[in-house]
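A.B. asks: Any chance you can model this:
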Amino acid sequence: MIDYKEHILANGLRVLVNEDTTSAMAAVNLLYEVGSRDEEPHRTGFAHLFEHLMFRGTCGVPDFDEPVQEVCGENNAFTSADYTNYYITTPKDNFRTALWLEADRMRGLDITPEKLRVEKSVVVEEFNQRFLNRPYGEQWHTLRAMVYKESPYRWPVIGLTPDHIRDASMEDVKAFYDRFYLPSNAILSVSAALSAEEVFEAAEHFFSEVPTLPAPATRSYPTESPITAPRRHTIEAAVPADQITIAFLMGDRGSREYYICDLLTDLLAGGESARIYQHLVRRRQIFSAANAYITGERGQGMLILTGQINPGVSVEEAEDALYGELELLVREPVGDYELTKVQNKFEANITFGELNVMNKAMNLGYYRMLGDMTLLNGETAIYRSITAEEIAEFIRHNLGRNQSATLIYRSKP
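C.D. replies: Okay, the predicted model is just below:
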């Protein structure tokens with residue numbers, strides 16, 4: 001159970017505090033409601049670029065890392081399709097340093113042509129290493145374009161092409177910063193052995209001087225049309241083994257469908273005792289490795305089945321085997337023991353996650369962004385309420401071959 005208090009500053013910054021008396025550390029998390037889905041199709045990769053630029057310093061603090069290290073702190077960040085997240089841990093008595101630094105760079109980022117040039121080069125090199133010059137590296141670009149036709153989820157967080165970053169001008173970058181890096185578009189969350197009033201007072205002190213600017217205009221994201229016929233694509237490449245990946249559209253993060261899919265993929269591939277490993281890797285030896293998971297976007301996500309195919313096994317046999325596991329769950333709904341085991345695992349993960357102050361700070365920001373704080377402490381009950389019949393019904397209506405996008409890699413020298 002995560003308890004919290006909330007305060008909203010006059011400039012729109014939402015501040016949430018969890019008073020955790022068990023830790024000597026303070027976790028400070030700042031979430032900006034901007035991700036890759038907020039980019040223009042001809043200017044992708046900007047949200048991720050800003051994750052890098054935000055560490056390049058301000059006029060007042062040229063080196064962001066130095067003051068963090070001086071107070072024995074650590075910091076990092078990550079970008080998703082839906083938001084960009086910055087976090088700092090410090091001893092609790094030094095938490096004000098983290099707030100000072102975040103307030104300083106919220107509107108004071110010093111973007112110079114040289115800093116932009118350096119970070120563009122870093123991001124382009126990351127694009128090359130992780131996607132263009134890596135086995136199976138282009139699969140996410142290809143698969144997302146197969147599944148999504150209208151939604152901005154059709155490109156990965158890194159962007160559609162490195163050219164969008166190479167061609168980014170100072171005007172483009174500053175416009176993105178001015179539009180999204182605002183107190184009214186951010187959520188500050190803190191978990192520490194500090195009173196909520198003390199944190200609220202510090203937030204007022206450091207952030208109240210950040211200009212009050214209206215949040216970005218309400219953004220609308222297209223609802224993706226259902227897949228009604230099989231979509232298939234084959235890539236021949238110098239990869240270690242043939243691989244098949246099957247993707248299906250699923251419900252958004254706040255829907256019951258999300259939890260059904262999350263539980264279903266754990267039934268299939270949540271460890272070595274799960275069905276896909278036991279049936280298709282260990283016994284039948286169709287795959288050398290296989291997995292099932294969801295992407296978990298705030299909007300419509302993807303449910304994915306994937307496996308690297310053993311030599312001598314055809315792609316058709318591998319594909320039939322994956323669908324066979326789904327069909328088995330429809331013919332013979334999962335039993336109480338197996339279902340409860342997976343539900344127990346979710347509850348354990350949630351419970352253990354609440355022991356860490358940074359996890360709690362991140363969760364406060366994340367669920368506040370989702371707009372449903374009941375989920376902060378209510379997800380265990382949702383997982384517990386899902387039945388075998390619901391899982392079978394979902395598979396029957398949503399995971400057929402006509403609703404799939406299948407990407408096949410064929411190995412060549």
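
A.B. asks: The nearest residue to residue 75 once chain neighbours are set aside: what secondary structure?
C.D. replies: The shortest distance from residue 75 to any residue that is not its chain neighbour, by CB to CB, 6 or more residues apart in numbering, is 4.3 Å, and that residue is residue 88. (Glycine included, C-beta is placed from N, CA and C.) The local conformation at residue 88, judged by DSSP: H, G, I helix; E, B strand; the rest coil, is strand.

A.B. asks: can you count the residues close to residue 88?
C.D. replies: When counting by other CB atoms under 10 Å, one arrives at 26 neighbours for residue 88.

A.B. asks: who touches it in this structure?
C.D. replies: Contacts were defined as CB atoms under 8 Å, 6 or more residues apart in numbering; by that measure residue 88 touches 27, 28, 68, 73, 74, 75, 98, 101, 102.

A.B. asks: I'd assumed residue 360 was in contact with the first one.
C.D. replies: Yes. Residue 27 sits in contact with residue 360 when judged by CB atoms under 8 Å, with a separation of 7.0 Å.

A.B. asks: any common contacting residues for the two?
C.D. replies: When contacts are counted by CB under 8 Å, 6+ apart, residue 27 and residue 360 are jointly contacted by residue 191.

A.B. asks: Give me the subset of the contacts of residue 88 lying in helices.
C.D. replies: In helices, defined here by DSSP state H, the members of those are 68, 98, 101, 102.

A.B. asks: Those residues, buried ones only, as a ChimeraX selection?
C.D. replies: Selection command for ChimeraX covering only the buried members of the ones in helices among the contacts of residue 88, criterion 16 or more other CB atoms under 10 Å:
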select :68,98,101,102
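
A.B. asks: possible to save the ones in helices among the contacts of residue 88 as CSV with distance to residue 1 and pLDDT?
C.D. replies: Shown next, in CSV, are the ones in helices among the contacts of residue 88 (distance: CB to CB, whole Å; pLDDT from 0 to 100):
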residue, distance to residue 1, pLDDT
68, 30, 96
98, 25, 97
101, 30, 97
102, 27, 97
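
A.B. asks: Report the two of the ones in helices among the contacts of residue 88 separated the most.
C.D. replies: Taking every pair in these and measuring CB to CB, the maximum separation is 10.7 Å, between 68 and 102.

A.B. asks: Which member of the ones in helices among the contacts of residue 88 is positioned nearest residue 241?
C.D. replies: Distance from residue 241 was checked for each of the ones in helices among the contacts of residue 88 by CB to CB. The minimum falls on residue 68, at 43.0 Å.

A.B. asks: Setting the sequence-adjacent residues aside, check what's closest to the closest one.
C.D. replies: When the adjacent residues along the chain are set aside, residue 68 lies closest to residue 75, with 5.0 Å between them (CB to CB, 6+ apart).

A.B. asks: Would you mind giving me the confidence score for the one you found?
C.D. replies: Note on residue 75: pLDDT of 96.

A.B. asks: For this structure, which residues score under the pLDDT cut-off?
C.D. replies: Low-confidence regions of the chain, defined here as pLDDT under 70, do not occur.

A.B. asks: State the distance from the residue nearest the centre of the chain to residue 1.
C.D. replies: Nearest residue to the geometric centre of the chain (CA atoms, centre = their mean): residue 80, 4.6 Å. Here the distance between residue 80 and residue 1 works out to 26 Å (CB to CB, to the nearest Å).

A.B. asks: can you pull out the strands in this protein?
C.D. replies: Secondary structure of the chain by DSSP state E: the strands cover 5-8, 14-19, 25-32, 74-79, 84-91, 186-192, 231-237, 243-249, 287-294, 302-309, 404-411.

A.B. asks: and those strands, which is most packed in?
C.D. replies: Neighbour counts (mean count of other CB atoms under 10 Å) averaged over each of those peak at strand 186-192, with a mean of 28.

A.B. asks: can you list the domains in this structure?
C.D. replies: Split into domains by automatic domain parsing, the chain comes to 5-207, 231-411.

A.B. asks: could you dump those domains to CSV with distance to residue 219?
C.D. replies: Formatted as CSV, the entries for the domains of the chain read as follows, by distance: least, CB to CB, whole Å:
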stretch, distance to residue 219
domain 5-207, 6
domain 231-411, 11
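
A.B. asks: Which one, of the ones you listed, ends up nearest to residue 213?
C.D. replies: Closest among the domains of the chain, using CB to CB: domain 5-207, at 4.9 Å.

A.B. asks: how long is the closest one from one end to the other?
C.D. replies: With CA to CA, to the nearest Å as the measure, the ends of domain 5-207 fall 18 Å from one another.

A.B. asks: Name the nearest residue to the residue nearest to the centre of the chain, sequence neighbours excluded.
C.D. replies: Counting by CB to CB, 6+ apart, the residue nearest residue 80 is residue 35, at 5.1 Å.

A.B. asks: on that earlier part again, what values do phi and psi take at the residue nearest to the centre of the chain?
C.D. replies: Backbone torsions for residue 80, taken as degrees, to the nearest 10, come to phi -130, psi -180.

A.B. asks: show me the contacts for it.
C.D. replies: With CB under 8 Å, 6+ apart as the criterion, the residues that contact residue 80 are 35, 36, 157.

A.B. asks: Quickly note the distance from the residue located most distally from the centre of the chain to residue 82.
C.D. replies: Relative to the centre of the chain, and counting by CA atoms, centre = their mean, the farthest-placed residue is residue 312 at 36.1 Å. Counting by CB to CB, the gap from residue 312 to residue 82 is 42 Å.

A.B. asks: For the strands of the chain, could you give me JSON lines that also reports distance to residue 64?
C.D. replies: Below are these laid out as JSON lines (distance: least, CB to CB, whole Å):
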{"stretch": "strand 5-8", "distance to residue 64": "26"}
{"stretch": "strand 14-19", "distance to residue 64": "21"}
{"stretch": "strand 25-32", "distance to residue 64": "13"}
{"stretch": "strand 74-79", "distance to residue 64": "8"}
{"stretch": "strand 84-91", "distance to residue 64": "10"}
{"stretch": "strand 186-192", "distance to residue 64": "17"}
{"stretch": "strand 231-237", "distance to residue 64": "39"}
{"stretch": "strand 243-249", "distance to residue 64": "38"}
{"stretch": "strand 287-294", "distance to residue 64": "34"}
{"stretch": "strand 302-309", "distance to residue 64": "35"}
{"stretch": "strand 404-411", "distance to residue 64": "39"}
